[in-house]
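Novice: Give me coordinates for this.
(chains A and B)
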Amino acid sequence: MNSAKNLSQRLLKLYPVKALKEFFDPDTTTQAEQIPEIVNGHPFNKIKNFALDNYNLTKQHIFLFKLNKKFVRSKFNSAGFPIPVDQELIQHGGHSFKFLHKVDFDTTVLNPYEQVTISFYQPIIFSFRNDDLIIQATILEKNMDSYFSIGRRVVDSIKQNGEGIVISDILDFVRKSGYQASSNDLNKGIKALWENKVIDSKYAKWKKDRSTTTEVMDEEYTLRDQYPEVYKALIKSPLNKMIFKYKLADQTLCNHFTVDPTGGTLNVTIYPETPNQIENVIREILSNN
Amino acid sequence: MSFAKFFQIIDKSFIGKWVDKKLNIVEHTNPDRIYIENIRQFYNIPYPFARFLCDLAVREGVFTKHFGIICPNENCGRIIKSIDNLNELPNEITCTTCEMLEESKFTFVKKEIKTIVYYKLI
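Specialist: Predicted coordinates for the structure are as follows:
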């Protein structure tokens, strides 16, 4: 259930089929055939490097923090980091640290009844850019049924050491290194993109003075296009969870992304079309913030 | 076409005698998304009458009839897609809003799908 090959297969399943085909060029055609072929034909290090190099092709939870001062690499000793870092590189004007985090799901299955722990490798990247700290965690498969044979049914699945624990470890280490980190309020950056008609909302949750309101748009309609008066009112309020659609015709940003501007989190839950889209979303929000 | 012809249909019927809130329709109803409840509430008539009038308006060529496929998730309920005929119901449909909100279920098979009827002014 949790052999090295099992973990490699689950890791590759987090990546779009197109990316696997381009990088590994398997002979088989379907994902179900390609992944075992790749795992059997390549050493783990090659698979790990593919996973870390191409993390921006995965679905992601992104957590944005503001540091109390600019990050200085020479004063940061990554050797003491609680999880071994697999790659460190300078990119996007900052320093990035990448690693695979092992996550366990304690799972209860029926037909027959069984309690099983299923393990996954989760690519995690944390980056320092001036006084910004950005933590990106690949979203793991939630449908545990797909890891069991047909006829068996998963009735419970509890994540034991999820990304919340890793984020807490990273923040503890950052604090011990002399920095204070707090959630980055993204309202200004998001509202600038919205105001400039770069994005428009398909789902909006925002604070009124004495309530919290949600607007869920039908079909492909977007809020500002359909309800300009509502937009004018809500643009003055703190925004909670929002789904945005990219309005321009190019592929610069992800077609859709979910963001909680007040909580400082950003989620990309549909595979990006290009490796730059997630980075572009982060850069556009932060540069306007 | 305006709502005028729809008003004429109503005026020809017996309930037209006590219909006096026509302006409310113009002010509050999107001509591309007229629900039976909009008509029922504005005219304060029973729901079956409102449905009858809307279907009459379709036969008279004033309205077109459509079906919105509703996301079954309790916290969503949005119209995922519109169809003109129930024969066009897909075998499976995904609510991308629920997918992006990371709901545990966001793809639904035909038997889980519910629809809501709405009309468009031609």
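Novice: first to last residue in stretch A:66-86, what's the distance?
Specialist: Using C-alpha to C-alpha, to the nearest Å, the end-to-end distance of stretch A:66-86 comes to 24 Å.
Novice: just stretch A:271-284 next, same as before
Specialist: One end of stretch A:271-284 sits 19 Å from the other (C-alpha to C-alpha).
Novice: Give the buried residues for that stretch.
Specialist: A:271, A:272, A:277, A:278, A:279, A:280, A:281, A:282, A:284 (16 or more other C-beta atoms under 10 Å in any protein chain shown). The C-beta positions use only the backbone N, C-alpha and C, and glycine is treated the same way.
Novice: Can you confirm whether that stretch lies near chain B?
Specialist: No - using C-beta under 8 Å from any C-beta of the partner chain, stretch A:271-284 stays clear of chain B, with a minimum separation of 11.3 Å.
Novice: The closest residue to residue A:169 other than its chain neighbours: how many residues sit nearby?
Specialist: In space, and not counting its chain neighbours, residue A:169 is closest to residue A:82: 4.9 Å by C-beta to C-beta, 6 or more residues apart in numbering or on different chains. If you count neighbours by other C-beta atoms under 10 Å in any protein chain shown, residue A:82 ends up with 9.
Novice: Provide a list of residues in contact with residue A:82.
Specialist: A:169, A:172, A:173 (C-beta atoms under 8 Å, 6 or more residues apart in numbering or on different chains).
Novice: Correct me if wrong, but it is in a helix.
Specialist: No - with DSSP: H, G, I helix; E, B strand; the rest coil as the criterion, residue A:82 is assigned coil and is not in a helix.
Novice: Give me every residue in chain A lying close to chain B.
Specialist: Residues of chain A lying close to chain B by C-beta under 8 Å from any C-beta are A:139, A:142, A:202-203, A:216-219, A:241, A:243, A:256-258, A:267, A:269-270.
Novice: Now, the residues you listed that are in strands?
Specialist: Secondary structure defined by DSSP state E assigns A:202, A:203, A:216, A:241, A:243, A:256, A:257, A:258, A:267 of the residues of chain A next to chain B to strands.
Novice: Dump those residues into JSON lines; add pLDDT, distance to residue A:183 and neighbour count as well.
Specialist: Shown next, in JSON lines, are those (pLDDT from 0 to 100; distance: C-beta to C-beta, whole Å; neighbours: other C-beta atoms under 10 Å in any protein chain shown):
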{"residue": "A:202", "pLDDT": "97", "distance to residue A:183": "24", "neighbour count": "24"}
{"residue": "A:203", "pLDDT": "97", "distance to residue A:183": "21", "neighbour count": "24"}
{"residue": "A:216", "pLDDT": "96", "distance to residue A:183": "25", "neighbour count": "20"}
{"residue": "A:241", "pLDDT": "95", "distance to residue A:183": "14", "neighbour count": "19"}
{"residue": "A:243", "pLDDT": "97", "distance to residue A:183": "20", "neighbour count": "25"}
{"residue": "A:256", "pLDDT": "96", "distance to residue A:183": "23", "neighbour count": "19"}
{"residue": "A:257", "pLDDT": "97", "distance to residue A:183": "18", "neighbour count": "26"}
{"residue": "A:258", "pLDDT": "97", "distance to residue A:183": "16", "neighbour count": "23"}
{"residue": "A:267", "pLDDT": "97", "distance to residue A:183": "15", "neighbour count": "20"}
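Novice: can I get those in CSV with distance to residue A:42?
Specialist: Below are these laid out as CSV (distance: C-beta to C-beta, whole Å):
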residue, distance to residue A:42
A:202, 40
A:203, 40
A:216, 44
A:241, 39
A:243, 37
A:256, 33
A:257, 32
A:258, 34
A:267, 30
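Novice: those helices in the chain, which residues are they?
Specialist: Going with chain A. Assigned by DSSP state H, chain A shows helices spanning A:4-12, A:17-24, A:31-41, A:44-53, A:163-176, A:187-195, A:223-226, A:228-234, A:277-287.
Novice: meant chain B, my bad for not saying
Specialist: Shown for chain B, the helices assigned by DSSP H span residues B:4-12, B:22-28, B:36-43, B:47-59, B:96-100.
Novice: worst average pLDDT in the ones you listed?
Specialist: Set side by side, the helices of chain B differ in mean pLDDT, and helix B:22-28 is lowest with a mean of 60.
Novice: if I look at the residue of chain B found nearest chain A, how far off is residue A:216?
Specialist: Nearest residue of chain B to chain A, counting by C-beta to the nearest C-beta: residue B:79, 3.9 Å away. Going from residue B:79 to residue A:216 by C-beta to C-beta, to the nearest Å gives 10 Å.
Novice: Tell me the spacing between residue A:222 and chain B.
Specialist: 12 Å (C-beta to the nearest C-beta, to the nearest Å).
Novice: brain fart, residue A:247
Specialist: 16 Å.
Novice: show me what contacts that residue?
Specialist: A:197, A:198, A:199, A:200, A:222.
Novice: 6 Å - rerun?
Specialist: With contact set as C-beta atoms under 6 Å, 6 or more residues apart in numbering or on different chains, residue A:247 has these partners: A:197, A:200.
Novice: Give me the pLDDT for the closest residue to residue A:133 other than its chain neighbours.
Specialist: The shortest distance from residue A:133 to any non-neighbouring residue, by C-beta to C-beta, 6+ apart, is to residue A:65 (4.1 Å). With respect to pLDDT, residue A:65 has a value of 98.
Novice: Looking at the stretch 51-200 of chain A, which residue is nearest chain B?
Specialist: residue A:142 (6.7 Å).
Novice: how many neighbours does the residue nearest to that residue when sequence neighbours are not counted have?
Specialist: Once flanking residues are discounted, residue A:142 sits nearest to residue B:104: 6.7 Å by C-beta to C-beta, 6+ apart. By other C-beta under 10 Å, 8 other residues sit near residue B:104.
Novice: Let me see the confidence value for the residue of chain A found nearest chain B.
Specialist: Nearest residue of chain A to chain B (C-beta to the nearest C-beta) works out as residue A:218 at 3.9 Å. As predicted, residue A:218 sits at a pLDDT of 97.
Novice: Am I right that it is in contact with residue B:81?
Specialist: No - with contact defined as C-beta atoms under 6 Å, residue A:218 does not count as touching residue B:81 (9.1 Å).
Novice: and residue 121, bridged to which residues?
Specialist: Picking chain A for this. For residue A:121, the beta-bridge partners are residue A:102 (DSSP bridges).
Novice: Please refer instead to chain B.
Specialist: So, taking DSSP bridges as the rule, residue B:121 has residue B:63 as bridge partners.
Novice: Thanks again, I'm all set now.
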